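[1] One predicted model, sequence on top.
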Amino acid sequence: MQLYFVTENERLPRQRLWRNIIRATWVFAVPIAVVRGLLAVGIKEPWRNLDDGLRTISDLTTAAAAVFSVLIIIISWRKTDGIFRRRRRYWYLALIVVGFALGQWQSPWSETLMELILLAFVLVTVYYGERLMFFDVFAKRGLLFFSSLAIVTSYLALILPYFILRNMGFLTSWITALALLPILLAVPWLSATADRSIDRIWLKRRFSFAGATKYFEESLQAELSEDDLLERAESSLSHIFQSKACIDHSDLADDAGDLQTTIPTVQGNWGVVSILPRADGIPFFSEDHDLLNVLARSLGPMLDRLSLRDQRLIQEQREQELVLSAAQSELKALRAQINPHFLFNALNTIAALIPEKPDQAEQTVEQLADVFRYTVRRSTREWVHLAEEVEFVRCYLKIEQARFGERLRVRIDLDDEAGAIRIPAMLIQTLTENAIKHGISATRGPGLVSISARVYAGRLQVRVEDNGPGFDRYPRPDSSVESSNGGYGLKNVQDRLRAHHGLDANLQFNRDAADEMTVVSFEIPAVKNSEASE
């Protein structure tokens, strides 16, 4: 009665009533058991005449316990019960029926069989109620015990009589001890063999403890994100335990599964991993619980590592966005700063051309309009096709040629494939204006500005060269010079390249001593995009 109540009490209404019935039964059962025990050991007086009456009361109490148990099983029955709960009830009902039948059978064997029925109740309860210890206590250790017992019994029955019959005297004790030594040494091997036999034959386990740990860790080595890690972990756990695994970012739940544990991380328990009941009905036991704990502890550091990586990526992305935002703000400031300066020089050039070369002056005005039209149109857009940028730079250089006259020569060389590559707007223009301002303007002789673009191995290389005096007067991005479109302009180019492409972008400064040319170049991934100009 106590056993059934503890097993099903959460489903029973009016639990106080059931407890009171159990207490009343205890009041009758304990004195009866004590008195009948005294009678069994030979203490007859003064209870000799009560033996038959006590037996009758005992039988009635046993019948009441059976009725009580059947009622509890019927009341707690649910259609949604799992297979193990249903099987446990079937076994209980079967044992009650068998026990009741044995109680009606008057035989010297009936009491012995009743004791075996009580043992069967214990085994069924442990198997279905405490499965995490059943196989260790009853199955594995029991198999080891009976195997050892069979070996020792065989030895005592077959080997030892031989020595006794040979009348070997005091040597018999030594020979017996030495003969038992291999059996004692074989106990660890017998234990491991028993464990593996039950795991493979009865429980259908695919991995040893160490093998499961290695398989789990290897299956998670190539994770890309937290979702990918959890998906791989669930798949691996399902394969190891031969049942569906669920990993939830939540607390432990009573009905989540037969096997369940938390996932520890640096921040505390991340969540819970649950293994649902197996479809073939094979239960889990203590080694499964220990293995799941080990695997959950190995999963925790992986989640910590991914969390730190994600936080670092978010931080880097924020920093990159801040750099890009600052670069775009500087670009807008540069446009506002460049336009008046460039416009002033262009208007002076046009004014000088009107009296002597009116056609060229008119053409320069049209080119100036194209330059400012491009600048205004791209003021709110970050990306352009390289062909558009180069066409804009070509117009800009024609205006500068009108200003410098024969002193300025221009050479532009582009791959056919390069024109469709997208680049940040005003990049080449900034490098070209630096070449004019700090290269051509600083030399007295003929000047040359060369622009080239090449695509190779999936990367775009753009070079802007001039035959000016070199780096002594050419401001670098890290220079403290803060002239118009000087240090600011090159730093803006560098920041925008870094913000958009990170380590995939490369801005370089070189001096070609053989050709006496200053070379500023950048490389970025060659990405084609029809929407690049947006």
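    Here it is on my side, so go on.
[2] and K491, how many neighbours?
    K491 has 18 neighbours, counted by other CB atoms under 10 Å. No exception for glycine: its C-beta is placed from N, CA and C like everyone else's.
[3] err, Q260, not the other one
    19.
[4] was I right about it contacting P277?
    No - taking contacts as CB atoms under 8 Å, Q260 lies outside contact range of P277: 11.6 Å.
[5] Any idea what F522 is bridged to?
    Assessed by DSSP bridges, F522 has beta-bridge partners V462, L507.
[6] which stretch of helix or strand covers R444?
    Of the helices and strands defined by DSSP states H and E, none includes R444.
[7] That one - how many residues pack around it?
    6.
[8] The one 10 residues further on too?
    Number of residues near R454 (other CB under 10 Å) recorded here: 17.
[9] ok, the residue lying closest to it once chain neighbours are set aside - contacts?
    For R454, ignoring the flanking residues on the chain, the nearest one in space by CB to CB, 6 or more residues apart in numbering is Q461 at 5.0 Å. Contacts here follow CB atoms under 8 Å, 6 or more residues apart in numbering; on that basis Q461 touches A453, R454, V455, S521, F522, E523.
[10] What of D359?
    Here D359 is in contact with no residue (CB under 8 Å, 6+ apart).
[11] Go through the helix or strand hosting it and flag the buried ones.
    Using DSSP H and E, D359 sits within helix 358-377. Within helix 358-377, the residues scored as buried using 16 or more other CB atoms under 10 Å are Q360, A361, Q363, T364, V365, Q367, L368, D370, V371, Y374, T375.
[12] same check, this time on stretch 405-425
    407-408, 410, 414-415, 418-425.
[13] Over to stretch 1-20?
    So for stretch 1-20, counting by 16+ other CB under 10 Å, buried means M1, L3, Y4, F5, T7, E8, L12, W18.
[14] and of the residues you listed, the nearest to I117?
    L3 (12.8 Å; CB to CB).
[15] can you pull the contacts of the closest residue to L353 other than its chain neighbours?
    Nearest residue to L353, sequence neighbours excluded (CB to CB, 6+ apart): A361, at 3.8 Å. When contacts are counted by CB under 8 Å, 6+ apart, A361 touches I350, L353, I354.
[16] any idea how far A514 is from A361?
    Per CB to CB, to the nearest Å, A361 is found 39 Å from A514.
[17] same deal with D81?
    Counting by CB to CB, the gap from D81 to A514 is 89 Å.
[18] same thing with E433?
    26 Å.
[19] quick one: which of the two has more around it?
    E433 (24 against 5).
[20] Now do the same for R205: its pLDDT.
    Note on R205: pLDDT of 71.
[21] For it, the count of nearby residues, please.
    When neighbours are counted by other CB under 10 Å, R205 comes out with 21.
[22] Would you verify that it is located in a helix?
    No - looking at R205 with DSSP: H, G, I helix; E, B strand; the rest coil, it is coil, so not inside a helix.
[23] helices and strands of this structure: which one bottoms out on pLDDT?
    helix 131-134 (a mean of 54; mean pLDDT, DSSP states H and E).
[24] and the closest residue to C246 other than its chain neighbours, backbone torsions?
    Using CB to CB, 6+ apart and skipping the chain neighbours, the partner closest in space to C246 is S274 (4.8 Å). With angles defined as degrees, to the nearest 10, S274 sits at phi -130, psi 140.
[25] Show me the strands in the stretch 101-250 of the chain, by range?
    245-248 (DSSP state E, counting those that start in this stretch).
[26] now the helices: where do they sit in it?
    Ranges of helices within the stretch 101-250 of the chain are 110-129, 131-134, 141-154, 160-165, 171-185, 187-197, 209-219, 226-241, based on DSSP state H, counting those that start in this stretch.
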